[in-house]
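Peer 1: What follows is a predicted protein model with its sequence.
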Amino acid sequence: MIVAKQKPIEEIIEETKGYKKILIAGCNECVTVCEAGGKREVAVLASALRMYFMNQGKDVKIDEVTLERQCDHEYLEEIRNTIDQYDAVISLACGVGVQFLAEKYMQMPILPGVDTCFMGVTEERGVWTERCQGCGQCILARTGGICPVSRCAKRLLNGPCGGSTKGNCEINKDLVCGWQLIIDRLKELDRLEDYEKLAPIKDWSTERAGGPRKVIREDVQL
Amino acid sequence: MKTKTPSKLEKFLAAGHLAVTSECGPPRGSDAATITKKAEMIRDYVDAINITDNQTSVTRLSSLASCIHLKLMGVEPTLQMVTRDRNRIALQSDILGAASFDIHNILCLSGDHQQFGDCPQGQNVFDLDSMQLIQTVKLMRDEGKFLGGDEIKRPPQMFIGAAANPFADPFEIRVPRLAKKIAAGVEFIQTQCIYNLDKFELWMKLVRDRGLHEKVYILAGVTPFKTAGMAKYMKNRVPGMDVPDEVVERMSGVPKEKQAEEGINICVETIQRLKECEGVKGFHIMAIEWEEKVPEIVERSGLYPRPRPEADS
């Protein structure tokens, strides 16, 4: 999933200053799972803002909606008939949803309510960690199913570096060394000799470096 | 052994001499005298001087410019190059820049993570890793080609080095990792600072078991402790460093004013013991901001005077 975290309330208040009618739009997908922008977080943020504006003696209308997804046209269309009654929308979707909403409703200010962090997993309740950086050319078959691009702080394809200590990364004792995990997995798979195969210089053009990316599937296009 | 480059260091090693290298950290400013003074202090005691590349990710005068200053004073530099800060365009470009000044040694490193330095909020690059940088230099030198495939006019002639840390984890891949660097094309190795000699000797035994000591020149890395505090710091704070308790205790066991001397003693004893270790072809003395002690260490270790390269050619 795409993991996000809620923005500090002070930042949201700062961005919403001057608006009288605000819609808070949640998303029922990733941000619901990572408890940053689902229906419940929409309700909590709405209450906090209502209380804040009331204390300030300001009359601000705050409404709530949670869409199935904010990264698909059809769900964003659901608010087509109601969106005009607001003068700003706070989207609690990831950065993808915020932008797609903004593209669809050109005249409406769309404000982000979360900071989008990474693609990751729920390691345990309340703890999410990164697994993928979407490099566009998956090498997991060669690295024991553990990704050095997302799990090594230096993205070394032929790691580990000299800073790997007792299974942890040099930058933080609480961060697992991705290459330690790769070695452990290769051992489990009885494929440790694979470690000595040199990983070739990577083509990063399928990653962010190649500019904004696009996937086209003609076979499924309408 | 046949040499592949005009490197003096390579020539020394090929002639079977125990090589001695050292390093100088460039200043946090633009005064070249900081580098040239350090180099002047040690030039007669070492065969080549490494210039570190923004070590510990702290911004400094560039390694390449510092190497040029050494070259202009007739000292043989080893250009340290990390892949943290530059993509493959900049790396290749700087390799050519160094080659244009006939800099003949390069040490290919990934570099410390920027979090340790003065710009923890900066981007890192890591377009290549250290092994891929080794391959790049080799391609440029031996095939006269850029990574993009085009021909290089007047290719670089560089003796290719890299680091090895026998003390980092997981230990079981530390020798395979060296084998991998050799497969990538590395020709000399400067190791992490050695304080745990037993572990280093075990690593060397595993290196010899695979015959790797015949395929690469291994220079054992040493760093003298100035104080007991430094020993403790290196033990507890520097990732990938292995300082046994008895070494820390030995430093702490002497009065403060004698600690520097004790640090030098440990360093000299380390070199003397490792001279007997089969496969160790020289020493890399990293006297951090203590370059003035290098001559004493070299002399007391019986590595002075340095042989003259002309005698072998």
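Peer 2: Cool, the structure landed. Note that this is a predicted model, so its numbers are computed, not measured.

Peer 1: could you dump the least confident helix or strand in chain A by mean pLDDT to CSV, C-alpha only?
Peer 2: Every helix and strand in chain A was compared by mean pLDDT, DSSP states H and E; the lowest is strand A:172-176, with a mean of 92. The C-alpha coordinates for strand A:172-176 follow below in CSV (Å, rounded to 0.1, in the frame of the first residue of the first chain):
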residue,chain,number,x,y,z
ASN,A,172,20.5,4.0,12.5
LYS,A,173,20.8,1.2,15.0
ASP,A,174,17.0,0.6,14.8
LEU,A,175,17.2,0.1,11.0
VAL,A,176,17.8,-3.4,9.7
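
Peer 1: Contacts for that strand next, please.
Peer 2: Under the contact criterion Cβ atoms under 8 Å, 6 or more residues apart in numbering or on different chains, strand A:172-176 has outside partners A:151, A:153, A:167-169, B:115. Any C-beta I mention is one placed from the backbone N, CA and C, and that applies to glycine too.

Peer 1: wait, which of those residues is closest to A:Val44?
Peer 2: Proximity to A:Val44 was ranked across those by Cβ to Cβ; first place goes to A:Arg151, at 32.2 Å.

Peer 1: Next, find the distance separating the closest residue to the closest one other than its chain neighbours from B:Asn265.
Peer 2: Computed as Cβ to Cβ, 6 or more residues apart in numbering or on different chains, the closest residue to A:Arg151 that is not its neighbour in sequence is A:Gly178, at 3.0 Å. Plainly put, A:Gly178 is 40 Å away from B:Asn265 if you go by Cβ to Cβ, to the nearest Å.

Peer 1: Kindly report the same for A:Asn81.
Peer 2: Applying Cβ to Cβ, one obtains 84 Å for the distance of A:Asn81 from B:Asn265.

Peer 1: shaky segments in chain B?
Peer 2: By pLDDT under 70, the weakly predicted segments of chain B are B:1, B:309-313.

Peer 1: Name the residues of it found near chain A, please.
Peer 2: If contact is defined as Cβ under 8 Å from any Cβ of the partner chain, the residues of chain B in contact with chain A are B:84, B:88, B:110-113, B:115-116, B:124, B:126-132, B:135-136, B:147, B:163-165, B:168-170, B:172-173, B:176-177, B:179-180, B:183-184, B:192, B:239-240.

Peer 1: Which ones among these map onto helices?
Peer 2: Among those, the members found in helices (DSSP state H) are B:88, B:130-132, B:135-136, B:176-177, B:179-180, B:183-184.

Peer 1: Identify the farthest-apart pair in these.
Peer 2: Largest separation among these by Cβ to Cβ: B:Arg88 and B:Pro176, giving 25.6 Å.

Peer 1: Where does A:Glu15 sit, in terms of helix or strand?
Peer 2: Under the criterion of DSSP states H and E, A:Glu15 resides in helix A:9-16.

Peer 1: Restrict the next helix or strand after that helix to CA atoms and write it as CSV.
Peer 2: Read in the C-terminal direction, the helix or strand following helix A:9-16 is strand A:21-27, with elements assigned using DSSP H and E. Taking only C-alpha atoms (Å, rounded to 0.1, in the frame of the first residue of the first chain), the coordinates of strand A:21-27 have been written out as CSV:
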residue,chain,number,x,y,z
LYS,A,21,-16.8,26.1,3.6
ILE,A,22,-14.4,23.2,3.7
LEU,A,23,-14.9,19.6,2.5
ILE,A,24,-12.6,17.0,4.0
ALA,A,25,-12.3,14.1,1.6
GLY,A,26,-11.0,10.7,2.8
CYS,A,27,-10.0,7.7,0.7
